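Visitor: next one to model:
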Amino acid sequence: MSLEIHIFPSRLNFRFPFRIAHGERTGTDVVFLKIIKDGVVGYGEATLPPYLGITSSDVVEVLNMPIVSEALHAITPHDTFAMLCELLPVNAPAIAAIDMACWQIYAQQQQQSISDLLLWPKQIGSVPHTYTLGVSTFEEMQEKVGFGLSAGFSCFKLKLDGSCDERIVSGFRKITNLSFAVDANQAWKTKQQAADMLKILEEEQCILIEQPFDKADRAWSRDLAESTDIPIIADEACQGESDLMEIMTCFDGVNVKLQKCGGITPAARMLELLKQHGKLALMGCMSESSIGCNAAEQLIGKCNWADLDGPWLNSNNDQLLEDLGYAKYYS
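Guide: Next comes the predicted model:
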């Protein structure tokens with residue numbers, strides 16, 4: 001078997017400054033991966049927002065370990081993933097990059113799409129896709145909504161910060177009557193604050209509330225979920241498979257992300273388990289490029305929503321991928 005592994009540390013630059021409850025960023029460090037196995041090319045991506053606490057150097061160190069080459073000799077992505085989890089240091093983004101590249105190669109070898117290999121329905125057209133608006137002034141929001149509309153989005157996710165949430169929602173409603181979700185990123189600090197915002201969100205027909213309280217909270221999240229028909233979705237509270245069973249009793253669903261859990265292989269298992277327990281699923285991203293988001297698109301056949309807007313949030317997506325020789329390969 002012939003095998004080549006190429007590693008490309010880089011940086012994704014946001015089109016607009018990205019503000020959430022915990023601060024502002026202008027970009028995200030990323031490590032792209034290109035694997036050529038017996039002449040078949042697969043791409044992967046490890047995207048590294050600061051809250052993960054993982055650096056590009058950490059990812060490159062893992063990707064250069066000899067066990068990665070050994071694991072890539074396995075026939076199926078499932079086998080490769082099992083070897084990586086057993087023998088590599090814990091580094092979900094690095095493993096996610098390898099896993100998505102393996103799935104692309106395997107799908108080409110089998111002459112099928114990944115969704116077909118997973119025996120999942122293709123529902124890409126029927127799953128609502130959101131475009132994320134970082135915490136914004138009214139003028140900034142107008143510009144961002146305009147860009148999202150020009151990119152074809154008809155549903156939006158509003159980032160909240162716990163201090164001006166009512167202004168954000170009312171500003172959005174002055175601009176458009178389109179559907180929206182909110183993501184507090186753990187910004188709500190009291191039950192009363194949540195109750196006050198809940199009244200507004202119900203009146204404005206919000207479609208979901210993501211991670212309202214601290215990631216360690218369970219009781220307040222459960223109480224909020226029981227008090228409203230708006231789905232309460234876990235994000236920071238559920239990083240991967242090991243967290244899933246515990247949080248199911250507290251939330252209506254989970255934001256599943258390849259970078260959090262380690263790739264397509266574990267994400268598919270998480271989505272199956274959510275479905276078995278009658279829970280909702282949002283397929284999200286860490287503002288990845290088209291490489292990561294196209295990989296995640298293969299899993300939305302069993303999702304209720306998709307938040308895979310990274311290629312539009314980033315201003316240099318197309319140029320970086322052109323430099324890598326990447327073309328959209330999933331179908």
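Visitor: now the element after the strand ranked longest in the chain, going C-ward?
Guide: Selection of the longest strand in the chain by residue count, based on DSSP state E, yields strand 3-20. Past strand 3-20, heading to the C-terminal end, the next element that is a helix or strand (DSSP states H and E) is strand 23-37.
Visitor: packing partners of that next one?
Guide: Identification of packing neighbours for strand 23-37 by 3 or more C-beta pairs under 8 Å, 6 or more residues apart in numbering; DSSP states H and E yields strand 3-20, strand 40-48, helix 56-63, helix 92-110, helix 317-324. Every C-beta, even on glycine, is put in place using the N, C-alpha and C of the backbone.
Visitor: L282 and I232, how far apart?
Guide: Plainly put, L282 is 11 Å away from I232 if you go by C-beta to C-beta, to the nearest Å.
Visitor: between these two, which contacts overlap?
Guide: When C-beta atoms under 8 Å, 6 or more residues apart in numbering defines a contact, the residues bordering L282 and I232 alike are L208, G253.
Visitor: in terms of neighbours, single out the busier of those two.
Guide: Ranked by neighbour count (other C-beta atoms under 10 Å), L282 and I232 place L282 first, with 28 against 25.
Visitor: middle-most residue in the chain, spatially?
Guide: What sits nearest the mean C-alpha location of the chain, by C-alpha atoms, centre = their mean, is C285, with 1.8 Å.
Visitor: separation between that one and G53?
Guide: According to C-beta to C-beta, C285 and G53 sit 18 Å apart.
Visitor: next one: E288
Guide: With the distance defined as C-beta to C-beta, E288 ends up 18 Å from G53.
Visitor: check Q104 too.
Guide: As for Q104, its distance to G53 is 28 Å (criterion: C-beta to C-beta).
Visitor: then K275?
Guide: The spacing between K275 and G53, counted by C-beta to C-beta, is 31 Å.
Visitor: for D309, same thing?
Guide: Taking C-beta to C-beta as the measure, D309 falls 24 Å from G53.
Visitor: ok, and the helix or strand in the chain with the lowest average confidence?
Guide: Least confident element among the helices and strands of the chain, by mean pLDDT, DSSP states H and E: helix 114-117 (a mean of 90).
Visitor: can you list the weak-confidence ranges in the stretch 51-200 of the chain?
Guide: Within the stretch 51-200 of the chain, the stretches with pLDDT under 70 are 120-125.
Visitor: in it, which spans are helices?
Guide: 56-63, 66-71, 77-87, 92-110, 114-117, 138-150, 165-175, 191-203 (DSSP state H, counting those that start in this stretch).
Visitor: packed most tightly, which of these would that be?
Guide: Most buried of the helices of the stretch 51-200 of the chain, by mean neighbour count (mean count of other C-beta atoms under 10 Å): helix 92-110, with a mean of 25.
Visitor: by contact count, what packs against that one?
Guide: When contacts are defined as 3+ C-beta pairs under 8 Å, 6+ apart, helix 92-110 sits against strand 23-37, strand 40-48, helix 56-63, helix 77-87, helix 114-117, helix 258-261, helix 264-276, helix 290-297.
Visitor: now render these as CSV, adding distance to V169.
Guide: Converted to CSV, those look like this (distance: least, C-beta to C-beta, whole Å):
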stretch, distance to V169
strand 23-37, 20
strand 40-48, 28
helix 56-63, 36
helix 77-87, 40
helix 114-117, 35
helix 258-261, 27
helix 264-276, 28
helix 290-297, 26
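Visitor: hang on, the earlier thing: more crowded one of K275 and G53?
Guide: When neighbours are counted by other C-beta under 10 Å, K275 comes out ahead of the other of K275 and G53, with 13 against 8.
Visitor: show me what contacts V169?
Guide: Contacts here follow C-beta under 8 Å, 6+ apart; on that basis V169 touches L158, F180, V182, I200, L201, E204, C206.
Visitor: quick one: it from V254, how far?
Guide: Taking C-beta to C-beta, one finds V169 at 24 Å from V254.
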